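S.K.: Sequence and predicted model, in that order:
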Amino acid sequence: QLQLVESGGGLVQPGGSLRLSCAASGFTLDNYAIGWFRQAPGKEREGVLCVSRSGDIINYADSVKGRFTASRDNAKNTVYLQMNSLKLEDAAVYYCAARAFACGRSRVDYNRWGQGTQVTVSS
C-alpha cells in the first residue's frame, strides 16, 4: 500500500519548536518532491513549503520564512519539517504530500497525501 504518514505533532508553547516527520511506505521518495501544507479550522488548506528532490526548499507561506525549514533523508524514506519560534497562528493540522519530480504550489498538484498531524500552539 502506498502511503505517507506524518508524525511529531503535539502541543507546544509559543516560541517553542517541533519537528514533524513524513515517512513513505510502499514507494521511495527519491523521485518525489514533498510539499508541506496546513489547515486551520475554518480556513483553506495552504501550502507551507516544498522540499525538492535535491533538497532545495521552496517557501510558499511568507509567515513561516526564517522560522520553518525542511530536510529529507532518502535513506530513511522520510522528510522532515522543522518548525521554530512557533506562533499561535501556526496551529493547524499539517499534511505532507508527494508530487512526482518537481514541487507544485497548489494542493491539486499533489496526488499522494498523508493523514495529517495536529499542531497546537498554546500557552
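M.R.: The structure has been received and is ready for your questions.

S.K.: and the residue nearest to Gln3 when sequence neighbours are not counted, what does it touch?
M.R.: Spatial nearest neighbour of Gln3, chain neighbours left out: Ser25 (5.5 Å); criterion: Cβ to Cβ, 6 or more residues apart in numbering. The C-beta positions use only the backbone N, C-alpha and C, and glycine is treated the same way. By Cβ atoms under 8 Å, 6 or more residues apart in numbering, the residues touching Ser25 are Gln1, Leu2, Gln3, Leu4, Val5, Asn77.

S.K.: which residues touch the nearest residue to the fifth one once chain neighbours are set aside?
M.R.: In space, not counting the residues next to it along the chain, Val5 is nearest to Ala23; the distance is 5.1 Å by Cβ to Cβ, 6+ apart. Applying Cβ under 8 Å, 6+ apart to Ala23 gives the contacts Leu4, Val5, Ser7, Lys76, Asn77, Thr78.
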